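Trainee: Fold the following.
(chains A and B)
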2 protein chains.
Amino acid sequence: MFDKIYLQPTEALARILDAIPVGQPPTEMHPIEECYGRVLAADIISPEDLPSFPRSTVDGYAVRAEDTFGAKETSPVYVELRYEVQMGEAPNFDLPMGIASKMPTGGMLPEGANAVVMLEHVQQGSGGILEILRPVAPGDNVIRRGEDIGKGAEVLHKGRMLRAQDIGALAGIGITFIEVFKKPVLSFISTGDEIVSAGSHVLMGQVRDINSFTLAGLVKSHGGILLKKGIFRDDYGIIKEATEESLENSDMVLISGGTSAGEKDMTAAIIDDIGTPGVLFHGVALKPGKPMIGGVVRGKPILGLPGHPAATVVCFDLFIRPLICILSGRAEKTGLMGTVKAIMAKNIASAAGREDHIRVYLEDNQGTISVFPVLGKSGLINTMVKAHGIVVVTREKLGLDAGEEVDVRLF
Amino acid sequence: MFDKIYLQPTEALARILDAIPVGQPPTEMHPIEECYGRVLAADIISPEDLPSFPRSTVDGYAVRAEDTFGAKETSPVYVELRYEVQMGEAPNFDLPMGIASKMPTGGMLPEGANAVVMLEHVQQGSGGILEILRPVAPGDNVIRRGEDIGKGAEVLHKGRMLRAQDIGALAGIGITFIEVFKKPVLSFISTGDEIVSAGSHVLMGQVRDINSFTLAGLVKSHGGILLKKGIFRDDYGIIKEATEESLENSDMVLISGGTSAGEKDMTAAIIDDIGTPGVLFHGVALKPGKPMIGGVVRGKPILGLPGHPAATVVCFDLFIRPLICILSGRAEKTGLMGTVKAIMAKNIASAAGREDHIRVYLEDNQGTISVFPVLGKSGLINTMVKAHGIVVVTREKLGLDAGEEVDVRLF
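Mentor: Prediction:
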């Protein structure tokens, strides 16, 4: 079943990547509060120091550190408490030798001070005299001006998908409006005389459209937009027209169904018909997902997806996700995210020469994560509902043994 | 610094959980396409079989399996090809013994047929006779009626956070409108005379509001809504009024700043002032995050968060995230998600008796993931920007050694 002519998934993806132009997506400006999960279109250089002044990290007393050297519980050092710094205000004095200033956490150090003694290490003596019980070194309990982010530093790089704390950092340096890449738009064409919409009553022989709902969620959560073009009859002219129109209006086209070798499987012919280079591969050494088609027309990827729900998710992960990543302008590898090491609880068999993506569920037994295969044919959406993730059996392996450590890619 | 009176984070969280009422959040109805990431408010029972008819999983020929027994390449079995099933239509015939019907992938099996022979295992003979080269067993290459989801089966449980494939399954059984729990609303009160809005020019001694931006993203990505109530001066009456108003309008209140032991730290007093049981803990054996306050008033959690950006993220993870989870009506543990096993690249020291949350970044060296601590004080937002996740040093450990395997909780 897995002929030598079938490409490995990575080779198949590489053919698409080689055929799409290197470039960068169009950009748009947005306030930062709308940019969680968006991809930066330009490096962010800090326009200022953060903090813009030396800040205390504790409640205590600003001092010249040299004044505290040698302080012990048994022989304190004495300084005079003469000042108090108010939160949010610049001190209007320089701190002389032998003098301390009361400091709130986050307050600005006066000129002359270079450290803060924590409240807990000081005793209040009589007549405004403080007993310092432990010495501090210069810089102790202080964040220096620009220590967090220095003026001119590259804070975030172009191509970064912005997380919550990245947006926080932008707020911190006063950048409230940024340039991000436009979200890639994917068109989804559902084909098949047996497919009806989710809201329809099914007649015998008909099934409802599942894949557009699954893909819409996956595409959205990876930063893209899925345009559902509708459900189309297995008619060459109709599907060709829908594909050409989708190619005009979006950055990638997904055609579900029509990828097997049966008589009505016309997706490959349509892709070749509408432009060059057309179909780049038809069939991949992958289960589920074997009948997948990949092509490029006018510089845009067109994928023919098998209609099976589980194959749809695997093809998303191996092909659509990395393509969204590139069409989004993302510069970073995302392979690390969402993978756990765990132990196989059962043997799983696999054929040599193909890459098997096994749907699995996980059980946590006193800290050891056990991996169980979800049983059921690949056409079953329910296996995807039960599964926590995917274990890949690489092509040179004949299966996985119980007790073996594996990487589980979580959904 | 870490006195015995400080609770461990899990004990502190347990105090809050014990003081909030057990119940379930209000619900609302939505079309399924708006329910990605939402939490189901009722069990989903399938109203029908999926598929509603026996389906072929391959292109081939529907047969009675018994007719193929003993078939070999060298001595094929002969059957008559008399019918063809069309996609999306119910066959209008019963399959007699010795007869085959052409079947498309996904087509409905005729009455009498119980298996499908793949196209590849059949040769077309003359006069409508097929040579079957391999036998099939009953059920081969067929999905039985209801095999994916049976009528009356519990497909999804109340409390499930819906993933893309879950929504696909709902579409598959024709459920397009569902009851989900309302998203929990959290109010965020930023306090501090030094805090100015992100769009402001900072004067000496002032810093911009970072935490409301970080928290808004974290709360949103975990299924909640953050209401930014604004930045308030360190004034007892003003902050008390804002807290009481927030308690009316939201399910949880977060107050940032004002949690240290300094003079202006009034958060704990306000929580106790506005109702019972009031403050449940003040200070946690945790770094960063030590000065955290937890309380409950009128059955709603009120948290006092340290102003440091890194502490905000750690407190989110340990306190706010699990509380959002409960206020969302989620029934499932989420601990497994987003954790990777990796190897410490350097030693990290820690004090016994406290739980250290170390910000780390990861490097992938030929398949081994190495963990490096992100250096810098906990007040630095930039450490959170550089970090991929958190490694926890539990309270009984004095640190982590290079070469040790650790769990990294990814952001």
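Trainee: use CA for all of it now, contacts and neighbours both
Mentor: Will do.
Trainee: From the chain's centre, how far out is the worst-scoring helix or strand of chain A on mean pLDDT? Work that out for me.
Mentor: When the helices and strands of chain A are compared on mean pLDDT, DSSP states H and E, helix A:381-386 comes out lowest with a mean of 71. When C-alpha coordinates are averaged (C-alpha atoms, centre = their mean, to the nearest Å), helix A:381-386 and its chain have centres 24 Å apart.
Trainee: With stretch A:247-255 instead?
Mentor: On C-alpha atoms, centre = their mean, the centre of stretch A:247-255 falls 23 Å from the chain's centre.
Trainee: which parts of it are buried?
Mentor: The neighbour-count check on stretch A:247-255 (16 or more other C-alpha atoms under 10 Å in any protein chain shown) flags A:L247, A:S250, A:D251, A:M252, A:V253, A:L254, A:I255 as buried.
Trainee: Which of the residues you listed fall in helices?
Mentor: A:L247 (DSSP state H).
Trainee: Save the buried residues of stretch A:247-255 as TSV, and put in pLDDT and distance to A:G223 too.
Mentor: Listed next are the buried residues of stretch A:247-255 as TSV, based on pLDDT from 0 to 100; distance: C-alpha to C-alpha, whole Å:
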residue	pLDDT	distance to A:G223
A:L247	97	19
A:S250	97	15
A:D251	97	13
A:M252	98	14
A:V253	98	16
A:L254	97	16
A:I255	95	20
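Trainee: From B:I195, how far out is the residue of the stretch 1-150 of chain A found nearest chain B?
Mentor: Relative to chain B, the nearest point of the stretch 1-150 of chain A is A:G88 (3.5 Å; C-alpha to the nearest C-alpha). Separation of A:G88 from B:I195 (C-alpha to C-alpha, to the nearest Å): 7 Å.
Trainee: residue contacts, A:L162?
Mentor: A:C35, A:Y36, A:G37, A:R38, A:V39, A:L40 (C-alpha atoms under 8 Å, 6 or more residues apart in numbering or on different chains).
Trainee: Can you name the residues that contact the closest residue to it other than its chain neighbours?
Mentor: In space, and not counting its chain neighbours, A:L162 is closest to A:G37: 5.0 Å by C-alpha to C-alpha, 6 or more residues apart in numbering or on different chains. By C-alpha under 8 Å, 6+ apart, the contact set of A:G37 is A:M161, A:L162, A:R163, A:G223.
Trainee: Can I get these in CSV including distance to B:G98, pLDDT and secondary structure?
Mentor: Formatted as CSV, the contacts of A:G37 follow (distance: C-alpha to C-alpha, whole Å; pLDDT from 0 to 100; DSSP: H, G, I helix; E, B strand; the rest coil):
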residue, distance to B:G98, pLDDT, secondary structure
A:M161, 61, 91, strand
A:L162, 64, 92, coil
A:R163, 64, 86, coil
A:G223, 54, 95, coil
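Trainee: tell me the two of the residues you listed that are most distant?
Mentor: A:R163 and A:G223 (12.4 Å; C-alpha to C-alpha).
Trainee: per-domain residue ranges of chain A.
Mentor: According to automatic domain parsing, chain A comprises the domains A:9-25+A:183-327, A:27-50+A:147-181, A:55-143, A:339-410.
Trainee: hmm, the first one touching chain B?
Mentor: Yep, that's domain A:9-25+A:183-327 we're talking about. Yes - on the criterion C-alpha under 8 Å from any C-alpha of the partner chain, domain A:9-25+A:183-327 is in touch with chain B at A:192-195, A:198-201, A:204-218, A:260-262.
Trainee: For A:G112, grab the count of nearby residues.
Mentor: A:G112 has 15 neighbouring residues, counting by other C-alpha atoms under 10 Å in any protein chain shown.
Trainee: and A:A169, helix, strand or coil?
Mentor: Per DSSP: H, G, I helix; E, B strand; the rest coil, the local secondary structure of A:A169 is helix.
Trainee: can I assume it is in contact with B:V385?
Mentor: Yes - contact status for A:A169 versus B:V385: in contact at 7.3 Å, counting by C-alpha atoms under 8 Å.
Trainee: Compare those two (neighbour count), which wins?
Mentor: Neighbours were counted for A:A169 and for B:V385 using other C-alpha under 10 Å; A:A169 has more, 30 against 23.
Trainee: Please report the distance of the more buried one from A:H30.
Mentor: Distance from A:A169 to A:H30, by C-alpha to C-alpha: 16 Å.
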